[in-house]
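Engineer: Fold the following and give me the result.
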Amino acid sequence: MIYIENLSVDPYFNMACDEYILTKLDFGEDILTLWRNDNAIIIGKNQNAFEEVNAAYVDEHGIKVCRRVTGGGAVYHDLNNLNFSLFIDLKDSSKLDDLNFFVMPVVKALSELGVNAEVKGRNDITIDGRKFSGLAQRIHKDKLLFHGTLMFDVDVTILSKCLNVKPGKLQSKGHKSVRSRVTNIKEYIKEDVDVLGFKEILKKQLFEGMEYKEYVLTEDDLKAIRKIRDEKFATWEWNYGESPESNFKNAERFKGGEVDVRMMLEDGKIKSIRFYGDFLSTDDLDRLIAALEGQKYDIETVDRVLSSMDLRPFFGAITKDEIMHCMFP
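Structural biologist: Just a heads-up that it's a prediction; the model follows:
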């Protein structure tokens, strides 16, 4: 295992750092980073920023909006939130099918601190049924990025004001508000530590009994990361983009997450199509979109296109029948 120290609190830089390590650094070993963001809303790769974010509030309070390269839902970060990124060598492909392979080291480390956490649902770690960590992943060639949040002492009053959480999501989780379904780790730790102290304790627990090396990002590394930051993650086009024109819209929530489909239908064909939602994709939807655009908008044609592709990298646990139901309600 290799550990990379990232002391930046700039969310655009940190998203770029994840992408750089995933796509450019190859040590033939797994890599871990622990990092923090200053006040920011981090939205999932496939989400519609205009609908997920309370734009008036974040603009007024100088809170950055940053889109990550992984699926899942929107989260709020501040300096009392600790994030982890694991970069896993996928030569052993069986790792992909076992969420616990990635999560249990974190759960075990928290257990050593007296925190009884458990994996729940499709991508959450909880304490007493309340979420403190959201997880997401992305594959690039033979390497996987698996990252997540650890809410240590986050200001949940700000969190609830930043996000436009849809009632269906709250109902599916059995809660009436964002604040009621999340919690902070600090409430359950007996030791009097701040987030940086927690980071060091967690790091020690994660590496207990394991040999690891520390890699220091070089000036060339940092220059390349800043370039990705400036040209991608800090741009309006990446974080918001334009909401495409559409004359068909339908959104439904399934066990594997929400799917919101927008289509421009013209002369009985799919002129353009976009999928939004908090589903857990590990790959871009571009190939799927290209396959659907220009096709007849009828059940048989669309079913044939969807059946010809493995949809799991695009939609995670969302099934072909559920996508069909969303496109043909």
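Engineer: Isn't residue 306 up against residue 323?
Structural biologist: Yes. Between residue 306 and residue 323 a contact is recorded at 6.1 Å, counting by C-beta atoms under 8 Å. All C-beta spots, glycine's among them, are computed from the backbone N, C-alpha and C.
Engineer: Comparing these two, which residue is more hemmed in?
Structural biologist: Taking other C-beta atoms under 10 Å, residue 306 and residue 323 do not tie; residue 323 has more neighbours (23 against 19).
Engineer: Quick one: residues contacting the more buried one.
Structural biologist: When contacts are counted by C-beta atoms under 8 Å, 6 or more residues apart in numbering, residue 323 touches 259, 261, 306, 311, 315.
Engineer: Make sure it is indeed in a strand.
Structural biologist: No. Assessed with DSSP: H, G, I helix; E, B strand; the rest coil, residue 323 is helix; it does not lie in a strand.
Engineer: mind checking how far stretch 207-222 is from the chain centre?
Structural biologist: With C-alpha atoms, centre = their mean, to the nearest Å as the basis, stretch 207-222 stands 23 Å off its chain's centre.
Engineer: Stretch 134-154 now?
Structural biologist: With C-alpha atoms, centre = their mean, you get 6 Å for stretch 134-154.
Engineer: Endpoint to endpoint, that stretch covers what distance?
Structural biologist: Counting by C-alpha to C-alpha, to the nearest Å, you get 14 Å between the two ends of stretch 134-154.
Engineer: And for residue 283, the neighbour number?
Structural biologist: Close neighbours of residue 283, defined as other C-beta under 10 Å, add up to 17.
Engineer: shouldn't residue 10 be in contact with residue 35?
Structural biologist: No. Contact between residue 10 and residue 35 fails when scored by C-beta under 8 Å: they sit 10.1 Å apart.
Engineer: Which one's more surrounded, those two?
Structural biologist: residue 35 (22 against 18).
Engineer: got the contact list for that one?
Structural biologist: With the criterion set at C-beta under 8 Å, 6+ apart, residue 35 makes contact with 6-8, 14, 17, 82-85.
Engineer: again with residue 247
Structural biologist: Taking C-beta under 8 Å, 6+ apart as the test, what residue 247 contacts is 263-265.
Engineer: Do you know the pLDDT at it?
Structural biologist: On pLDDT, residue 247 comes in at 91.
Engineer: Backbone torsions only: list them for it.
Structural biologist: The phi/psi pair for residue 247 (degrees, to the nearest 10) reads phi -120, psi 10.
Engineer: all strands in the stretch 151-300 of the chain, in order from the N-terminus.
Structural biologist: 213-215, 248-254, 257-266, 269-276 (DSSP state E, counting those that start in this stretch).
Engineer: between these, which one is nearest to residue 117?
Structural biologist: Nearest to residue 117 among the strands of the stretch 151-300 of the chain is strand 257-266; the distance by C-beta to C-beta comes to 21.8 Å.
Engineer: partners of the closest one in the sheet?
Structural biologist: Under the criterion DSSP bridges, strand 257-266 sits next to strand 248-254 (antiparallel), strand 269-276 (antiparallel) in its sheet.
Engineer: Pick the most buried one from the ones you listed.
Structural biologist: With neighbours defined as mean count of other C-beta atoms under 10 Å, the strands paired with strand 257-266 peak in mean count at strand 269-276, which reaches a mean of 19.
Engineer: what separates that strand from the chain centre, distance-wise?
Structural biologist: Distance, centroid of strand 269-276 to centroid of chain: 23 Å (C-alpha atoms, centre = their mean).
Engineer: avg pLDDT for it?
Structural biologist: The model assigns strand 269-276 a mean pLDDT of 94.
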